[in-house]
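**Student:** Fold the following for me, if possible:
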Amino acid sequence: MSPKLSACWVALGPLLCSWALALQGGMLFPQESPSRELKALDGLWRFRADFSDNRLQGFEQQWYRQPLRESGPTLDMPVPSSFNDITQEARLRNFIGWVWYEREAILPQRWTQDPEMRVVLRINSAHYYAVVWVNGIHVMEHEGGHLPFEADISKLVQTGPLTTCRITIAINNTLTPQTLPPGSIVYKADTSMYPKGYFVQDTSFDFFNYAGLHRSVVLYTTPTTYIDDITVTTGVEQDIGLVNYWISVHGNDHFELEVRLLDEDGKVVAQETGHQGQLKVPGANLWWPYLMHEHPAYLYSLEVRMTTAGPMSDFYTLPVGIRTVVVTESKFLINGKPFYFHGVNKHEDSDIRGKGFDWPLLMKDFNLLHWLGANSFRTSHYPYSEEVLQLCDRYGIVVIDECPGVGIVLPQSFGNESLRHHLEVMEELVRRDKNHPAVVMWSVANEPSSALKPAAYYFKTLISHTKALDPTRPVTFVTKTKYDADLGAPYVDVICVNSYFSWYHDYGHLEVIQPQLKSQFENWYKTHQKPIIQSEYGADTIAGFHEDPPLMFSEEYQKALLENYHSVFDQKRKEYVIGELIWNFADFMTNQTPLRVIGNKKGIFTRQRRPKSAAFILRERYWRIANETRQHHHSVPRTQCLGSRPFTF
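**Tutor:** Here you go, the predicted model:
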């Protein structure tokens, strides 16, 4: 890092955590500790879709007031999962409206009898609008999928001898022009062509609108005076690592805080007291991306202990990676060195479970990223589970963290109501993910209609708000608008552009790719003087379909298309192109259309994670780029590790 940048960190570092004050209420990942207990409610829940014409029968009959089975038949539904592909019922696969989940949880006796214990119900993701009751009592509502929400239910479970609680969750997956992602309900009134009351959900995004409880529902405890939030920012002054922290405590104004930073061997390297301060780590091990350093993804542990005048105490441990991120006119710098994104776009999507969280699938994906030599991905087109980001922290996979702002194409989706919700979603996203070293940039949208006149004010406001929430990371959105018409591009730090030359136009003409791609880059850079990431490119490919000369949908065509893109990338990455993210990591499900053969087939892996020919092209390329980086930085050995598993190349 340059002396100038180091000086800035020394001067501003202690102040950077003040931005945490803009976020009211913490959203720390639930974990067990000496003061906290955790109970996951994964497994089978009772389930019912409300098939009534207005979808409101469950509210009209108050299904939440009694066990769900007493008001009608129920299904067993696994959580976490999408409900769409679990049954053989066609009308449930494409269901739009309210569905109801219920689970009875058995609580440890001490949870219901200890007045010094706080019991919290946390839902990690519900698509998209959720209403929650405990024992028939309304406790919370939440708008938007993908992000967690929680409520203190202590008073409801500590009122009597019962050690069980009945949790009821109603979820509505309807999308409107003001939701994220947006959509609209289209009614077909012609009864000569459609059944009475017929309607469809119309969307402007190219993935299936899976719904349900996609991530775990958990109960966890804290003391009644507890650590509510921790915010960490990091910097470097010469070889001294700087860890600036800000801690919020709720429940009591009289407490003491002890903060210790431990290295990977468990040795205390710095300690402080108080709710705000700076830890200095001489000879700090920095958090480096995968393949950029011989010891990537180094994580310290920030141990926070809160005590009060009485016997109460609370403990929380937060992984911390010391690293810096800086954007120049042509470079993306991590720890002062140029970083080149060679990675993928992904989806939370797989057979049967839909968008439901699944540990075996997640580990398979990370091992495939490792095999590819990919150092990064974008969370297209919504926030992924927190466990995904935790693994990225551990393995050094760099993340562009994207909110669900996909399909913002209608003029009414740029109005004040939409903007209000979008600002709230960015607050929730930053609150959840702000401490992950792997997250290096926020993305506020994907392929919006950014040439529309309202887009200028919309994105100026949205990006300014995100920077106010977190001044330590750059902000972008992903565009497919022309360089001279995009009204949001002046406000981003990095230009992220999607293009599908020789696919969605000039079908089959591979020879147009290089001149069109070269012109794209040159026009964008001349206009905005900002670094550029090719955030999407690719071609649909049916595994096992071969043609020579290459024809569209064949594996040979996907390979040839990639190679033409790569030729231009290699020219422009010497100048101002700072990354390439293939669309897509794996095939994924979409709505049924004539353009899609059981989903989008642009993956370099099938939906079952089997490699297509293009995967080997990407693997050879990414490891070659990694070798060039190693030679440039003189720091990456021939053998790398992902966790404790070696991989030799």
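**Student:** Name the nearest residue to the most centrally placed residue in the chain, sequence neighbours excluded.
**Tutor:** Per CA atoms, centre = their mean, the C-alpha nearest to the average position across the chain is that of P383, at 2.4 Å. Nearest residue to P383 in three dimensions, chain neighbours excluded: H146, at 4.6 Å (CB to CB, 6 or more residues apart in numbering). (Glycine included, C-beta is placed from N, CA and C.)
**Student:** ok, now which ones touch that neighbour?
**Tutor:** With CB atoms under 8 Å, 6 or more residues apart in numbering as the criterion, the residues that contact H146 are 125, 127, 214, 382-384, 404.
**Student:** switch to 7 Å and redo it
**Tutor:** 125, 382-383, 404 (CB atoms under 7 Å, 6 or more residues apart in numbering).
**Student:** For Q24, state which of those is nearest.
**Tutor:** Nearest to Q24 among the contacts of H146: P383, at 19.2 Å, using CB to CB.
**Student:** mind checking the SS state of that closest one?
**Tutor:** coil (DSSP: H, G, I helix; E, B strand; the rest coil).
**Student:** For it, give me its contacts.
**Tutor:** 146-147, 401, 403, 429.
**Student:** Please confirm that K467 is located within a strand.
**Tutor:** No. K467 sits outside any strand when classified using three-state DSSP, being helix.
**Student:** Test my guess that it contacts V475.
**Tutor:** Yes. Counting by CB atoms under 7 Å, V475 is a contact partner of K467 at 5.9 Å.
**Student:** Same drill for those two, tell me which one is more crowded.
**Tutor:** Ranked by neighbour count (other CB atoms under 10 Å), K467 and V475 place V475 first, with 23 against 17.
**Student:** Tell me if I'm right that A170 and E102 touch.
**Tutor:** No. Here A170 lies out of contact with E102, judged by CB under 7 Å, at a distance of 9.8 Å.
**Student:** Tell me which stretches of the stretch 101-250 of the chain form strands.
**Tutor:** In the stretch 101-250 of the chain, the strands defined using DSSP state E, counting those that start in this stretch lie at 117-123, 129-134, 137-143, 149-152, 164-172, 183-187, 199-203, 217-223, 226-237, 240-250.
**Student:** In TSV: those strands, plus mean neighbour count and mean pLDDT.
**Tutor:** Rendered in TSV, the data for these read as follows (neighbours: other CB atoms under 10 Å; pLDDT from 0 to 100):
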stretch	mean neighbour count	mean pLDDT
strand 117-123	22	97
strand 129-134	21	98
strand 137-143	16	97
strand 149-152	18	97
strand 164-172	21	96
strand 183-187	15	93
strand 199-203	15	90
strand 217-223	22	97
strand 226-237	23	96
strand 240-250	22	97
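**Student:** Please convert those to TSV, extending it with distance to A626.
**Tutor:** Converted to TSV, the strands of the stretch 101-250 of the chain look like this (distance: least, CB to CB, whole Å):
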stretch	distance to A626
strand 117-123	39
strand 129-134	43
strand 137-143	41
strand 149-152	39
strand 164-172	43
strand 183-187	40
strand 199-203	38
strand 217-223	38
strand 226-237	23
strand 240-250	25
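**Student:** of the ones you listed, which approaches L561 most closely?
**Tutor:** Closest among those, once you apply CB to CB, is strand 199-203, at 26.7 Å.
**Student:** Pop out the phi and psi values for the residue nearest to the centre of the chain.
**Tutor:** As for P383, its main-chain torsions (degrees, to the nearest 10) stand at phi -70, psi 130.
**Student:** From E264, how far off is it?
**Tutor:** With distances taken as CB to CB, to the nearest Å, P383 is found 28 Å from E264.
**Student:** domain parsing for the protein?
**Tutor:** 37-173+209-222, 225-320, 325-631 (the TED database).
**Student:** Y198: which of those is closest?
**Tutor:** Comparison of the domains of the chain against Y198 by CB to CB identifies domain 37-173+209-222 as nearest, at 10.8 Å.
**Student:** The closest one spans what distance, first to last residue?
**Tutor:** With CA to CA, to the nearest Å applied, domain 37-173+209-222 spans 7 Å between its terminal residues.
**Student:** From here on, call the first residue 42.
**Tutor:** Sure thing, new numbering starts at 42, so read that last one as domain 78-214+250-263.
**Student:** What's the separation between I658 and E604?
**Tutor:** When I658 is compared with E604 (using CB to CB), they lie 7 Å apart.
**Student:** neighbour-wise, which of those two wins?
**Tutor:** With other CB under 10 Å as the criterion, I658 and E604 differ in neighbour count, and I658 comes out ahead with 18 against 14.
**Student:** right, and the more buried one touches L603 too?
**Tutor:** Yes. With contacts counted by CB under 7 Å, I658 reaches L603, the gap being 5.6 Å.
**Student:** thinking again about what came up before, so which of the strands of the stretch 142-291 of the chain comes closest to N95?
**Tutor:** Taking CB to CB, strand 240-244 is the member of those nearest to N95, at 11.4 Å.
**Student:** distance between that closest one and the chain's centre?
**Tutor:** Relative to its parent chain, strand 240-244 has a centroid offset of 25 Å by CA atoms, centre = their mean, to the nearest Å.
**Student:** Strand partners (parallel or antiparallel) of it?
**Tutor:** strand 224-228 (antiparallel) (DSSP bridges).
**Student:** centre of the chain versus the partner strand, how much separation?
**Tutor:** Centroid separation for strand 224-228 versus its chain: 27 Å, with CA atoms, centre = their mean.
**Student:** Stretch 495-512 now?
**Tutor:** On CA atoms, centre = their mean, the centre of stretch 495-512 falls 19 Å from that of its chain.
**Student:** In PDB, list the C-alpha atoms belonging to it.
**Tutor:** The C-alpha atoms that make up stretch 495-512 are tabulated as PDB, following Å, rounded to 0.1, in the frame of the first residue of the first chain:
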ATOM      1  CA  PRO A 495     -35.900   8.300 -13.700                       C
ATOM      2  CA  ALA A 496     -32.900   6.000 -13.500                       C
ATOM      3  CA  ALA A 497     -30.500   8.900 -13.000                       C
ATOM      4  CA  TYR A 498     -32.100  10.000  -9.700                       C
ATOM      5  CA  TYR A 499     -32.900   6.500  -8.700                       C
ATOM      6  CA  PHE A 500     -29.300   5.200  -9.000                       C
ATOM      7  CA  LYS A 501     -27.700   8.300  -7.700                       C
ATOM      8  CA  THR A 502     -29.800   8.100  -4.500                       C
ATOM      9  CA  LEU A 503     -29.300   4.300  -4.200                       C
ATOM     10  CA  ILE A 504     -25.600   4.300  -4.700                       C
ATOM     11  CA  SER A 505     -25.100   7.300  -2.400                       C
ATOM     12  CA  HIS A 506     -27.100   5.600   0.300                       C
ATOM     13  CA  THR A 507     -25.100   2.400   0.000                       C
ATOM     14  CA  LYS A 508     -21.800   4.400   0.200                       C
ATOM     15  CA  ALA A 509     -23.100   6.100   3.300                       C
ATOM     16  CA  LEU A 510     -23.900   2.800   4.800                       C
ATOM     17  CA  ASP A 511     -20.400   1.400   3.900                       C
ATOM     18  CA  PRO A 512     -17.700   3.900   2.700                       C
END
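**Student:** buried stuff in that stretch?
**Tutor:** For stretch 495-512, a neighbour-count test (16 or more other CB atoms under 10 Å) marks 495-497, 499-500, 503-504, 506-508, 510-511 as buried.
**Student:** go on, stretch 646-658?
**Tutor:** 646-648, 650, 652-656, 658.
**Student:** ok, now stretch 309-326?
**Tutor:** For stretch 309-326, by 16+ other CB under 10 Å, it's 310-311, 313, 316-320, 322, 325-326.
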